[in-house]
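1. got a sequence here, can you model it:
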Amino acid sequence: RYDSHPAWGGMAFQLHGGGFGVLPGLQWGLDDQTAGMFAARSGIILPSGGDDRFRRRADILLGQGLPAWKAWRSEQTTTFYRTVAQRLATRRPDARLVLCTEDLFAGAGAAERLRLAVSGRTSLDEVIAETGLDLAQLAASPGISVLRPRRLSAEESVDASATDLRVNQSSELDQMFALHATCGEELYHVPARLKLPSFDAQSPFGADRTRLTLTAASMPTGDAALRGLASALTARDFAVTVTGGELYPLADNDLHRDALRVFQEIPAALGEVRTERRQPVTMRIYREAESTTVCLINESPWPVELAIPLEADGTMVWRKLGLDPSIDAAKASADPLVSGTLADGPKSWSLTLPPFSIQARRFSSRVVKIGAWTPKLGPAAQAALARQVAAFEQRMANLEVERPYSELQNPDFELVGDAGQMLGWQ
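-> Numbers count the residues shown, from 1 in each chain. Sure thing, here's the model as predicted:
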């Protein structure tokens, strides 16, 4: 109905861990039809008769047949989504199927497995495999854009946000999407929920029948608003970013808006791209036919000073990316902080990157040479890092201190009551 409208660019599926876009778990799908399809494809013989055939199938598929079972499940889901993408392309060749993954681990089974991944008892690859998805295959499929999830939460407690941190800092996900710039990043602002029992108590329907919950998007302020995008660009290059939450964020942040403008002007990662990292700054260099774009990302919460040597054969013009389009072009060209001209020979680009900032310049020469550079942190950053190291060393030293735990009444099981019961363990 809307495929001819210029605003329509495709279709999005939300891959919720408890929804219909993924498979419930490895124990699911033992019915006769599914078992027959798997047996015909894999050549593994499964029990076909008897009231206990489902248990016997489970013994095989969750035992020696597990690798083949996982591979076949992911093959079926990949084929399904590829078919959807192909059908979209028949309606409009430039349409894309977008797979949103912010709640991929929200199902009961996936959430439990994710907690195991947090403790190191399994890998995130194994957790994803149990959902029946092969994200690497989907990311490499024509017409499909899989969004790498980053869950941004206002929770300060590590216990409350441990699973989100595990997903955000996942090297497994970064490697899956590293070679697929068309698969973007999803910056999902986890909703903050507040319950009001006092309101429920005043309800004419009774407190047991009233559940009021206020929901708002977790939106950071100031420099922290850039942290999600800065972390994503530090990890890899990508062409699409999606940001939002359960509710549309009403907060506006000028720094975040300017950073998005810079991101829009960064060239697509289709040509020559080089990445250099010197903590806490990442430099990404894009060379096109007649220009060179240099993007700088500071992933730290402190300002960083930089002096970058530049050299070009002949005079070249440069301009800063991400300017407000309402700024007069004549004024922008006259501002030495926004644009300028570099004469032939060695020059230096000196600047201070604010916390979590993203800045970029475009030079009118493909052969501009960029020399060795070293980021410099200020005294405040060095003092903060020293405090963190001291706190970590103190915690490590406390691990060797033995403290008595007096909460258990009968820790050694030696106290027995008059009736022979074990005291303290009822």
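2. got the confidence number for the residue nearest to residue 196 when sequence neighbours are not counted?
-> Counting by C-beta to C-beta, 6 or more residues apart in numbering, residue 196 lies nearest to residue 212, which is 5.1 Å off, once chain neighbours are set aside. To be clear about C-beta, it is placed using only N, CA and C from the backbone, and glycine gets the same treatment. As predicted, residue 212 sits at a pLDDT of 88.
3. pretty sure residue 212 contacts residue 198?
-> No: between residue 212 and residue 198 there is no contact under C-beta atoms under 8 Å: 9.5 Å.
4. more crowded one of these two?
-> In this view residue 212 and residue 198 are compared by other C-beta atoms under 10 Å, and residue 212 has more residues nearby, 13 against 9.
5. the more buried one and residue 194, how far apart?
-> Distance of residue 212 to residue 194, computed by C-beta to C-beta, to the nearest Å: 9 Å.
6. residues contacting the residue nearest to residue 196?
-> 195, 196, 199, 200 (C-beta atoms under 8 Å, 6 or more residues apart in numbering).
7. now for those residues, which sits with the most neighbours around it?
-> Highest count within those by other C-beta under 10 Å belongs to residue 200, 17 neighbours.
8. so that one makes contact with residue 207?
-> Yes: the pair residue 200 / residue 207 is scored as a contact, 4.6 Å apart, by C-beta under 8 Å.
9. now stretch 258-276, how far from the chain's geometric center?
-> Relative to the centre of its chain, stretch 258-276 is centred 18 Å away, using C-alpha atoms, centre = their mean, to the nearest Å.
10. what's the burial count for residue 205?
-> 8.
11. doesn't it fall inside a helix?
-> No: Residue 205 is assigned coil when assessed by DSSP: H, G, I helix; E, B strand; the rest coil, not a helix.
12. from now on call the first residue 584
-> With the count now opening at 584, the last piece we talked about shows up as residue 788.
13. who touches it in this structure?
-> Taking C-beta under 8 Å, 6+ apart, one finds nothing in contact with residue 788.
14. against residue 840, how distant is it?
-> 44 Å.
15. ok, now residue 745?
-> 31 Å.
16. who's in contact with residue 690?
-> So residue 690 contacts 599, 600, 601, 602, 605, 607, 714 (C-beta under 8 Å, 6+ apart).
17. secondary structure class for the residue lying closest to the fifth one once chain neighbours are set aside?
-> With C-beta to C-beta, 6+ apart as the criterion, residue 605 has its nearest non-adjacent residue at 4.1 Å, and that residue is residue 714. Using three-state DSSP as the criterion, the local structure at residue 714 reads coil.
18. count of neighbours near residue 714?
-> Neighbour count of residue 714, defined by other C-beta under 10 Å: 26.
19. correct me if wrong: it contacts residue 606.
-> Yes: using C-beta under 8 Å, residue 714 is in contact with residue 606, at 6.0 Å.
20. residue 993 and residue 1001, how far apart?
-> 14 Å.
21. between these two, which one's more packed in?
-> A count of neighbours by other C-beta under 10 Å puts residue 993 above the other of residue 993 and residue 1001, at 13 against 5.
22. hang on, that one packs against residue 1004?
-> No: the criterion here is C-beta under 8 Å, and residue 993 misses it with residue 1004 at 10.4 Å.
23. and residue 661, how far from residue 950?
-> Residue 661 is 43 Å from residue 950, by C-beta to C-beta.
24. settle it for me: which of those two has more neighbours?
-> Neighbours of residue 661 and residue 950, each counted by other C-beta under 10 Å, are more numerous for residue 661; the result is 20 against 12.
25. tell me the SS of the more buried one?
-> Applying three-state DSSP: residue 661 is helix.
26. show the pLDDT at it.
-> 96.
27. and it, what does it touch?
-> Taking C-beta under 8 Å, 6+ apart, one finds 716, 717, 720, 721, 724 in contact with residue 661.
28. can you do 7 Å?
-> 717, 720, 721 (C-beta atoms under 7 Å, 6 or more residues apart in numbering).
29. then residue 767?
-> Applying C-beta under 7 Å, 6+ apart, we find residue 767 in contact with 728, 730, 821, 822, 823, 824, 825.
30. just the buried ones from these?
-> 728, 730, 821, 822, 824, 825 (16 or more other C-beta atoms under 10 Å).
31. give me the distance between the fifth one and residue 956.
-> Residue 824 sits 26 Å away from residue 956, going by C-beta to C-beta.
32. with residue 928 instead?
-> From residue 928 to residue 956 the distance is 18 Å (C-beta to C-beta).
33. where along this structure do the helices fall?
-> 615-625, 636-644, 649-674, 691-701, 707-712, 718-722, 741-751, 754-760, 780-784, 810-818, 837-848, 912-917, 962-981 (DSSP state H).
34. right, and the ones you listed - which one's nearest residue 895?
-> helix 912-917 (19.5 Å; C-beta to C-beta).
35. so what touches that closest one?
-> 906, 921, 922.
36. got the buried residues for that helix?
-> So helix 912-917, judged by 16+ other C-beta under 10 Å, has zero buried residues.
37. mind showing which ranges of the stretch 834-983 of the chain have poor pLDDT?
-> 834, 852-853 (pLDDT under 70).
38. export the buried ones among the contacts of residue 767 to a markdown table and tack on pLDDT and distance to residue 894?
-> Shown next, in a markdown table, are the buried ones among the contacts of residue 767 (pLDDT from 0 to 100; distance: C-beta to C-beta, whole Å):
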| residue | pLDDT | distance to residue 894 |
| --- | --- | --- |
| 728 | 94 | 39 |
| 730 | 95 | 39 |
| 821 | 91 | 30 |
| 822 | 88 | 30 |
| 824 | 92 | 33 |
| 825 | 91 | 39 |
